[in-house]
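1. no FASTA, just this:
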């Protein structure tokens, strides 16, 4: 099963982001459903039940402070045709969380990627053309209060994400 560790915005923030995205790009194809909004902290890839059990044991003893996350930057990656929303400045707490999660992933045998960490929330993928400039600048703030373990299930309409576990921050 494909899994990853993530931070999800609260429902109110997710809905505000969705309304803003609809306003900025009303004709945008391949939009990500609001219930799938998240920032990946560490991608684990295909993991079996034993690995997930070990990960849960590691993260059950895990402590991390909650922190404010400001999403105020947008971008488009032409190589993957992805429109994204993210922080202009990555909080130290998020960088530290990413490092801890990569270490936990490595301990269970999942290699959490070697690329530079670029936290972002995908708004649309597989776009045929760049979406154009946003009509309004993004300015969303929420408290990152928990780390979640999600699985990704591919379906005809796109991916469905299921929450497998959650760990509250201090």
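-> Received, thanks. Quantities reported herein were computed from a predicted structural model and do not represent experimental measurements.
2. which helix in the chain runs the most residues?
-> When the chain is parsed with DSSP state H, its longest helix is helix 92-107.
3. and that helix, what does it pack onto?
-> Helices and strands touching helix 92-107, by 3 or more CB pairs under 8 Å, 6 or more residues apart in numbering; DSSP states H and E, are strand 2-7, strand 39-46, helix 49-60, strand 67-71. In this view, the C-beta of every residue, glycine as well, is placed from N, C-alpha and C.
4. run through who's touching stretch 104-116.
-> The contact list for stretch 104-116, computed with CB atoms under 8 Å, 6 or more residues apart in numbering, reads 5, 42-45, 47, 51-52, 54-55, 58-59, 62, 101-102.
5. any idea of the mean pLDDT for it?
-> For stretch 104-116, mean pLDDT rounds to 83.
6. same deal with stretch 18-38?
-> 94.
7. first-to-last residue distance for it?
-> 12 Å (CA to CA, to the nearest Å).
8. residues of it that come out buried?
-> 18, 20-21, 24-25, 31-32, 34, 36-38 (16 or more other CB atoms under 10 Å).
9. no further queries at this time; thank you.
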